[in-house]
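Asks: Quick one, what's the 3D model for this:
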Amino acid sequence: MASTIPPWSEIPQDILGLVIDRLYSSPVQTRFSAAWSKILLAVPVAAANRRGFQHLCRRTRDSAAADRARFRAVCRSWRLAMRHHVSKTPGALPWIVMSDGSFFTHSDGGCSAPRSLPSLPKNARCIGSTDEWLALDCTDAENVHAYFLHNPFSNTMVPLPELSPIIGNVSEFFEVRKVLLRSSPRDIVALMTNNSNYPIILIRPGKGVWLPKPDTTPFNLIIDIVFLEGKLYGITQAEDLASVSIHFDNYGVPTVTITERLIEHPPLKNCDFDVWSDLDEKLEANDGMGDRDEVENGGEDHDEELNEVDARARALYEFKKKTGDGMILEGTTYLEDSEVPYEPKDLISVNWYLIESRGKLLMVRRQVEWPLYSLSFTRKVEVFEANTSAGAWVPVSGGIDSQALFISSRFSKSICAFENVKQDTIYFIDTGEMFNTRSQSMSPPQRDIDRRQSMWIFSPEIVV
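Replies: Residues are numbered from 1 along each chain as shown. Have a look, this model is predicted:
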């Protein structure tokens with residue numbers, strides 16, 4: 001009787017761990033990290049030697065990254081094994097990159113003279129990040145925009161020409177708020193913008209683009225997005241959770257087949273933002289006629305209100321309405337602080353973040369206080385896990401599976417804790433605070449940088 005060979009997915013985790021150890025213990029990784037550090041410190045190197053050295057760095061890094069990518073691609077259990085086992089490998093904290101290309105490390109604090117990434121074009125602005133990749137917006141002399149993905153560790157540049165016909169020529173009010181890769185620059189790239197005509201853009205480089213119909217719910221309400229097991233998920237300010245199933249047509253162009261609401265927001269009172277179900281009801285009552293602003297704001301009544309403001313404000317509103325730029329608000333709620341005993345009162349903001357962690361969807365709700373004469377600080381942090389079968393957000397207590405969450409508006413990531421990264425801890429990019437989810441304790445603020453202009457970028461050694 002012939003013996004059956006067990007499937008690859010059933011290889012024991014300890015055996016997979018031995019394979020991962022060999023991938024991560026390769027001297028290639030050590031050589032690359034040391035070489036990149038020297039480049040950042042601007043050690044003088046002859047031009048010819050520098051070119052050969054950079055070529056070696058790219059070869060060694062690409063080889064190691066390819067090995068890890070092939071390992072993860074075998075099956076889901078192998079990918080999970082990589083994520084769980086990487087905590088045994090040493091690594092560095094992610095860097096903080098600003099929109100102008102300057103960067104500093106987590107330990108630099110509020111560095112007054114940050115270093116600049118040496119590989120960025122002079123006309124580039126960083127608009128997003130995913131793992132070790134940066135998304136760049138490059139403008140020419142005529143202010144026409146071109147978009148690229150850039151890996152500063154390997155000095156790789158991937159153009160996104162599909163975006164040029166869509167957002168190559170935009171107004172000063174247009175903003176790309178987030179750029180995510182589903183797996184690699186050759187797979188799905190998702191963009192989230194402030195434009196009501198194309199709030200979500202899905203690109204497959206070299207193949208094509210998918211856009212929702214203008215002002216379509218829920219895309220015009222989504223304030224944060226994340227990929228999980230091939231699907232795109234988004235949350236609204238009202239804490240609805242939507243899933244977007246992505247497939248390809250016969251030509252490889254991405255297409256959305258199903259959009260589903262997995263969690264519906266609880267009843268809300270006196271909210272100052274649009275709500276998914278409310279919009280649906282209003283659109284049905286108007287037989288789907290009229291654009292979003294006419295439906296939401298009451299059409300003629302809203303025009304009468306605009307007549308009461310100056311002509312410049314009206315012209316600005318009409319311009320934004322025509323272009324769609326700046327018509328989707330950021331997704332921040334501002335609260336009035338009744339506890340502050342003096343005037344003027346401190347500003348308090350609430351922001352939401354959606355993160356994939358160990359195959360789960362987590363939502364972090366954060367309150368930040370903005371004092372007049374001191375550093376801003378976090379007042380309250382709440383973590384929830386999506387229970388899609390129950391259609392509800394479940395509060396998380398007692399830790400986050402020994403993970404560490406690095407939170408920013410541009411990119412958030414969950415990684416396994418290791419030497420320099422504390423487990424069950426949330427790292428906030430703007431204030432430098434660290435929140436321990438087990439003890440519910442918060443470290444003091446260390447810096448004050450613009451959360452909208454800053455993003456995490458992770459070394460390839462800790463990207464899994």
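Asks: the strands in the stretch 1-150 of the chain, which residues?
Replies: 95-98, 102-105, 115-116, 124-130, 133-139, 145-151 (DSSP state E, counting those that start in this stretch).
Asks: Adjacent strands (with direction) for the shortest one?
Replies: Partner strands for strand 115-116, per DSSP bridges, with pairing direction: strand 102-105 (antiparallel).
Asks: circling back to that earlier point, which one, of the strands of the stretch 1-150 of the chain, ends up nearest to residue 393?
Replies: Closest to residue 393 of the strands of the stretch 1-150 of the chain is strand 124-130 (C-beta to C-beta; 24.7 Å). From N, CA and C alone the C-beta is placed, and that goes for glycine too.
Asks: Output that closest one as PDB, nothing but the C-alphas.
Replies: The C-alpha trace of strand 124-130 is given here as PDB (Å, rounded to 0.1, in the frame of the first residue of the first chain):
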ATOM      1  CA  ALA A 124       9.100  64.400  -5.500                       C
ATOM      2  CA  ARG A 125       6.700  64.600  -2.500                       C
ATOM      3  CA  CYS A 126       5.900  61.500  -0.400                       C
ATOM      4  CA  ILE A 127       2.200  60.900  -0.200                       C
ATOM      5  CA  GLY A 128       2.000  57.400   1.300                       C
ATOM      6  CA  SER A 129       3.900  54.300   2.400                       C
ATOM      7  CA  THR A 130       3.400  50.600   2.500                       C
END
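Asks: what comes up buried for stretch 359-377?
Replies: Across stretch 359-377, burial judged by 16 or more other C-beta atoms under 10 Å covers 360-364, 366-369, 375-377.
Asks: want to throw these into CSV with secondary structure?
Replies: What follows is those, written out as CSV (DSSP: H, G, I helix; E, B strand; the rest coil):
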residue, secondary structure
360, strand
361, strand
362, strand
363, strand
364, strand
366, strand
367, strand
368, strand
369, strand
375, coil
376, coil
377, strand
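Asks: Tell me the one among those residues nearest to residue 75.
Replies: residue 360 (19.1 Å).
Asks: Any idea how many residues pack against the nearest residue to the closest one once chain neighbours are set aside?
Replies: Spatial nearest neighbour of residue 360, chain neighbours left out: residue 385 (5.6 Å); criterion: C-beta to C-beta, 6 or more residues apart in numbering. Residue 385 sits with 15 neighbouring residues when counted by other C-beta atoms under 10 Å.
Asks: From what I see, residue 385 and residue 358 are in contact.
Replies: No: the pair residue 385 / residue 358 is not scored as a contact, 10.3 Å apart, by C-beta atoms under 8 Å.
Asks: that older thread, out of the strands of the stretch 1-150 of the chain, flag the one nearest residue 17.
Replies: In terms of C-beta to C-beta, the element of the strands of the stretch 1-150 of the chain nearest to residue 17 is strand 124-130, at 26.5 Å.
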